[in-house]
Each structure stands twice: as C-alpha cells, then as structure tokens.
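>>> Just the structure for this:
(one chain, ligands or ions: 1)
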Amino acid sequence: MTAQAGSTARELLRLGGVTVRFGAPGGRPALDAVDLDVAAQEIVCVLGPSGSGKSTLLRVVAGLQQADAGDVLLEGRDQAGVPTHRRGVGLMFQDHQLFPQRDVAGNVAFGLRMRRSARAEQERTVAELLDLVGLPGAQRRAVASLSGGEQQRVALARALAPRPRLLMLDEPLGQLDRGLRERLVVELRRLFRELGTTVLAVTHDQGEAFALADRVVVMQDGRIAQSGSPLDVWQRPATEFVARFLGFDNVVEATVQGEAAVTPWGKVPVPEGTSDGPCRLLVRPAGVRLTSAENGLPCTVAARTFRGTHVALLLQPAGGPQMEAACPLREAPETGARVGVSFAAEDVVVLDASAG
Ligand SMILES: Nc1ncnc2c1ncn2[C@@H]1O[C@H](COP(=O)(O)OP(=O)(O)OP(=O)(O)O)[C@@H](O)[C@H]1O
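Just a heads-up that it's a prediction; the model follows:
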C-alpha cells in the first residue's frame, strides 16, 4: 500500500514505511518501516527508551533527517525535497536554545521576523502568546533573568508564533523539576486545545506522555510497539516490552484452559474470550488481591514501598517468581507478614507473543 492510499482530509501527518539507517546497510535501522498518522488537532506523544528512534522520527518529519525509504506527507503532500523552513512545522527541543542577547519579545518574534511580518502584527502576536503561556507583559525581560520554567514557556511561545500546522516537541519539559513539569503539562494540554494545535511530542517520561496525549505511541528498536489512547495502553499493554516499559513486572508463562490460566502462581482467571494455549500473562498490581493467609496463594511480604496513593508490596510465593501488589495505605501488611493472594480477571492481560 502506498502512503497516500486511504488518506483522509482530517489527517495532518502521515508517515508510510519510513526507514532511516545510520551506518552499515545490514545493521538495525534507527527507524524501521514506520507507519504513523496524526489527525488535525490531535496530540500524539511518542514514548520509548533511549535509542528507540523517537528523535529520529521527529527529525524526519521536520526535514532535518532524510529517510532512506518511505514517505512523509503533510496535509496529503509528499515532503520529499521540501526544506525544513517550508514545511510549516514548529520545533521545540529540550535545550530550548533561546537567544541570550535578545529579550523575551525578541525571542518570541523570531519566526515572525523571518517571515517579514509587519512590526505591529509581530507586537500583537507576541503580546497574545505571552498572555497565553502565562507570562503577560514579559516582553522586555532579559532571557537570563527567567527561571527554567519561564524560559520553557518563552521557547513554547516562540515555536507557536508562526502558527505552525504541526508543532513538534522533543522532551519539552525534560530539564524541569517534577512539580513544575506536572503543572506545565496540564497548562500545555489546555493551551493546545484552545489553539487547536496539532502536536507530535517525544518523551521518555511516561507520566508526561500520559498526561499530555490524546494518543500514546510506544517505540521499540525503531518500530511502533503499540499505539492507543493513554487509558488503552495503560490498561492493555500489547506486548511484554510495553508492559515492562510501563513498569509492570508481573509477567509469567501461562497456559490458558477455558476461564483460567495455569501459571507458576497457580490458576489465574483470564478475561472472557481468551483463546486456549500457551502465552505470556500480565497481572497488573491492582489485580493482585490480598486475602487471609489461609485462603488463596500463600505469600510472604518481601518488601513494601510507600507510593503516595498506595503501598506497593513485593510478595514472595512459596513457588514461582515474586509479584507486585498495589494495596490501599491503611490495609498494607508489614514486611514479613504472611498473606494469601487471589487474582482479579479484569487486571489480567494476555500479551502478544509475536512481539516484544
Ligand atoms: N546522526 C546519527 N548517526 C549515527 N547514529 C545515529 C544518529 N542519530 C541517531 N543514531 C542512532 O539511531 C538510533 C535512534 O536514535 P534516536 O536519537 O532517534 O533515539 P531516541 O529514542 O530519541 O533516544 P533518546 O531518548 O536517547 O534521545 C540510536 O541507536 C542512535 O544511536
């Protein structure tokens, strides 16, 4: 299928079979036949470990990296040979590289000056954007006098100023402390909604991706391992790789027989409609339920970690690997306690054995 086939007007960006190789032709490509559509006004966050190809993906879309194969289409038009400054995309990288010798207005107006917009229009746009990013009246401030979070907002206003049809963010909040990141991510989502901006962002921080995105794309070794709504991906990781990347480690060999699977932890109920046969099974920590020591699978509490909203328990059964349980604060047993465990089918996920 060619990249153009089946394209609809709502699609702003379409990647079809995009491959990028660095180094020897036989080696593993940095991007391996990637297909990805982004709809107009959609916020897509690409998530993945270091080296999985996230930045390369952005660079290809921006025209900063040539693809060895495949197509990049923006609003249905093939971008082969179109230079970065003619693609109508905005870029904001982690080291936001503001111009230190220019004040805030000089930075935000950069793209508008390049376009030779009239001075009055530049001033109006700069004022509007500074309001939007929560820095009203900051035009004449020196960049060096701003905090990290304020500089990030200026960088964002600068990227938005030329009204790009697609805004691309590379680890947009990477260097900020957690509290500020959590606040900014909420503001960013509201801002993008208000402006109707289409966003393709990459991050290795899952919290950031899940809070910002309409759709999360998880990358593994230059390929897309899973794409779906944050809730979807969180509740139903498709492969063992995605499950472990999201921090779910309760994964075991299993053989499904009807309504349950035989596992090293004994019988575990599986969701309705699961096919019989061998598979890898994930039990999300919320689905590991504590019962009295006499009932269920006997386990010893090997460790407990306070997580703010719950306690994460590491449980050691008599046989089989350790497993994690999420337990309400008040009910969490002490380390060394003997407990029983049962499993809730709604938190059991059969993983795709063909990948990851
Ligand atoms: N210019 C380059 N020359 C050679 N190899 C490169 C180049 N850029 C990227 N790579 C390789 O391509 C692969 C993908 O890199 P990329 O930077 O896209 O990953 P990433 O997911 O963005 O990683 P990170 O989270 O660390 O930024 C890596 O193996 C990397 O070493």
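
>>> what bits of this protein have low per-residue confidence?
Residues of the chain that meet the criterion pLDDT under 70 lie in 1-9, 94-96, 175, 353-356.

>>> Helices of that one, start to end?
Using DSSP state H, the helices found in the chain span residues 54-62, 104-108, 110-114, 119-132, 148-160, 178-195, 206-212, 230-235, 240-245.

>>> what would the ones you listed look like in CSV with mean neighbour count?
Yep, even glycine has a C-beta here, placed from its N, CA and C like the rest. Below are the helices of the chain laid out as CSV (neighbours: other C-beta atoms under 10 Å):
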stretch, mean neighbour count
helix 54-62, 23
helix 104-108, 23
helix 110-114, 16
helix 119-132, 16
helix 148-160, 22
helix 178-195, 16
helix 206-212, 20
helix 230-235, 16
helix 240-245, 20
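
>>> tell me the contacts of Gln206?
Gln206 makes contacts with 47, 245-247, as judged by C-beta atoms under 8 Å, 6 or more residues apart in numbering.

>>> can you do 7 Å?
For Gln206, the contact set (C-beta atoms under 7 Å, 6 or more residues apart in numbering) comprises 47, 246.

>>> got it, and Lys267?
By C-beta under 7 Å, 6+ apart, the neighbours of Lys267 are Ala260.

>>> can you count the residues close to the spatially closest residue to Glu75 that is not a sequence neighbour?
Spatial nearest neighbour of Glu75, chain neighbours left out: Leu12 (6.1 Å); criterion: C-beta to C-beta, 6 or more residues apart in numbering. Per other C-beta atoms under 10 Å, the neighbour tally for Leu12 reads 19.

>>> Find the nearest non-adjacent residue to the residue sitting furthest away from the middle of the chain, please.
Each residue of the chain has a distance to the centre, and by C-alpha atoms, centre = their mean the biggest one is for Glu294: 42.0 Å. Spatial nearest neighbour of Glu294, chain neighbours left out: Gly340 (6.5 Å); criterion: C-beta to C-beta, 6+ apart.

>>> wait, what's in contact with that neighbour?
Applying C-beta under 7 Å, 6+ apart to Gly340 gives the contacts 291-298.

>>> Which of the residues you listed are buried? Put it as a PyMOL command.
Remark: buried members of the contacts of Gly340, expressed as a PyMOL selection using 16 or more other C-beta atoms under 10 Å:
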select buried, resi 296+297+298
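
>>> Tell me which entries of the contacts of Gly340 lie within strands.
Among those, the residues falling in strands (DSSP state E) are 291, 297-298.

>>> Pick the one among the residues you listed closest to the ligand.
Closest approach to the ligand among these (C-beta to the nearest ligand atom): Leu297, at 38.6 Å.

>>> rewinding a little: any idea how far the residue nearest to Glu294 is from the ligand?
From Gly340 over to the ligand the distance is 42 Å, taken as C-beta to the nearest ligand atom, to the nearest Å.

>>> again with Asp71
Here Asp71 is placed at a distance of 19 Å from the ligand (C-beta to the nearest ligand atom).

>>> my read: that residue touches Asp78, true?
Yes. Asp71 lies in contact with Asp78 (C-beta atoms under 7 Å); the separation is 5.6 Å.

>>> my guess is Ala155 contacts Met92, does it?
Yes. Contact status for Ala155 versus Met92: in contact at 5.5 Å, counting by C-beta under 7 Å.

>>> overlap in contacts of the two?
Contact with both Ala155 and Met92 is made by no residue, according to C-beta under 7 Å, 6+ apart.

>>> that older thread, CSV please, covering the contacts of Gly340 and showing distance to the ligand.
Below are these laid out as CSV (distance: C-beta to the nearest ligand atom, whole Å):
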residue, distance to the ligand
Thr291, 42
Ser292, 46
Ala293, 45
Glu294, 48
Asn295, 45
Gly296, 41
Leu297, 39
Pro298, 42
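
>>> So which bits of the chain are right by the ligand?
22, 30, 48, 50-56, 204 (C-beta under 6 Å from any ligand atom).

>>> Among these, name the buried ones.
30, 48, 52-56, 204.

>>> Starting from Pro230, give me the distance back to the residue nearest to Glu75.
20 Å (C-beta to C-beta, to the nearest Å).

>>> contacting residues around the nearest residue to Ala105 once chain neighbours are set aside?
Leaving out its chain neighbours, the residue that sits closest to Ala105 by C-beta to C-beta, 6+ apart is Gln139, at 3.8 Å. By C-beta under 7 Å, 6+ apart, Gln139 lies in contact with 103-105, 126, 130.

>>> let's see it at 10 Å
103-109, 123, 126-127, 130 (C-beta atoms under 10 Å, 6 or more residues apart in numbering).

>>> again, but for Ser52
Shown in contact with Ser52 (C-beta under 10 Å, 6+ apart): 30-31, 46, 202, 204, 218-225, 245.

>>> and which of these is nearest Asp177?
Comparing the contacts of Ser52 against Asp177 with C-beta to C-beta places His204 closest, at 16.4 Å.

>>> right, and the closest one touches Leu173 too?
No. Counting by C-beta atoms under 10 Å, His204 stays clear of Leu173, with 11.5 Å between them.

>>> about what we covered before: closest to Gln235 out of the residues of the chain next to the ligand?
So of the residues of the chain next to the ligand, ranked by how close each gets to Gln235 (C-beta to C-beta), first place is Gly48, at 19.2 Å.

>>> quick one: the closest one and Asp205, what's the gap?
In terms of C-beta to C-beta, Gly48 sits 11 Å off from Asp205.

>>> Understood, closing this out.
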